[in-house]
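Colleague: kindly generate the corresponding structure for this input.
(2 chains)
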Amino acid sequence: MADFDQELDASGLNCPLPILRAKKTLNTMASGQVLHIVATDPGSVKDFDAFAKQTGNELMESKEEGGKFHFLIKKS
Amino acid sequence: MEPKKLAIIATKGSLDWAYPPFILASTAAALGYEVQIFFTFYGLQLLKKKPNLEVTPLGNPGMPMPMGMDKWFPVLGMALPGMQSMMTAMMKQKMKSKGVASIEELRELCQEAEVKMIACQMTVDLFDMPTAEFIDGVEYAGAAAFFEFAGESDICLYI
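Modeller: Down below sits the predicted model:
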């Protein structure tokens, strides 16, 4: 996993909380910074893809590892 | 660029039906939408500071019941006193264990994201709704005011 500036653990949270928490955290970050999100909600895979497309923040990485989903989002 | 707009009419006042308006409004706001929810009739219950929302299996054959109760428990039994509170308590417990947000939490996230909440003035008068029990920031308006926003919206939902 590439470098990141901030991390958000959304494990155990269900739709739409991972997205809402991620959005909130991104609001506190500077443009170009990278947020690493860990989630357990299987729906979050498609949701973070859609979130990135609609908000213009880049989804740099999306993968499953050790039963959890990991996302890297670069703030636009 | 003009933000997209989502207009929602929330008409239902049960625990289960309280979710769609707040889930969709908070998510849309996170995606950059401008959002308004127009609360009318039983939907006004969702605006109470301490919403006392319940869920009922009555008249709802699609509701999954714990322990397969729907298979062996007569429909009439669902009308017994205390059944509704019991089902509500079980539903809340299940939601908590699955990491589903509470209605209050989702509503707060909507407020933080500047989702505009409008109470139907007519229904407030009709039911003598105690507006002092409503959360702060609620506006009061009628159908024409809703159309002013809804007419410009990209998505309009009736829930």
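Colleague: what kind of secondary structure is residue 13 in?
Modeller: Defaulting to chain A. Of the three states, A:Leu13 takes coil according to DSSP: H, G, I helix; E, B strand; the rest coil.
Colleague: sorry, should have said chain B
Modeller: Classified using three-state DSSP, B:Gly13 is coil.
Colleague: now do the SS call for B:Pro51.
Modeller: B:Pro51 ends up coil, using three-state DSSP.
Colleague: measure it to B:Tyr19 for me?
Modeller: Applying Cβ to Cβ, to the nearest Å, the value for B:Pro51 to B:Tyr19 is 12 Å. C-betas here are computed from N, CA, C, even on glycine.
Colleague: and what of B:Lys92?
Modeller: 12 Å.
Colleague: quick one, phi psi at the residue of chain A most remote from its centre?
Modeller: Distance from the C-alpha centroid of chain A, by Cα atoms, centre = their mean, peaks at A:Gly66 (16.8 Å). In terms of degrees, to the nearest 10, the main-chain angles of A:Gly66 are phi 60, psi 40.
Colleague: now the strands for the chain?
Modeller: Using chain A. When assigned using DSSP state E, the strands of chain A occupy the ranges A:6-10, A:34-39, A:58-65, A:68-74.
Colleague: that's the other chain; I wanted chain B
Modeller: So, for chain B - with DSSP E - the strands run B:5-10, B:34-39, B:116-120, B:139-141, B:155-158.
Colleague: and the contacts of the helix or strand of chain B with the lowest mean pLDDT?
Modeller: Least confident helix or strand, chain B: helix B:69-72 with a mean of 73, by mean pLDDT, DSSP states H and E. Residues outside helix B:69-72 that contact it (Cβ atoms under 8 Å, 6 or more residues apart in numbering or on different chains) are B:57, B:61, B:63-64.
Colleague: what does stretch B:39-53 give?
Modeller: Contacts of stretch B:39-53 (Cβ under 8 Å, 6+ apart): B:9-15, B:18, B:21-22, B:88, B:103-104, B:107, B:117-120, B:122-124, B:127, B:129, B:133-135, B:138, B:159.
Colleague: that one spans what distance, first to last residue?
Modeller: 15 Å (Cα to Cα, to the nearest Å).
Colleague: what about that stretch, distance to the chain center?
Modeller: 7 Å (Cα atoms, centre = their mean, to the nearest Å).
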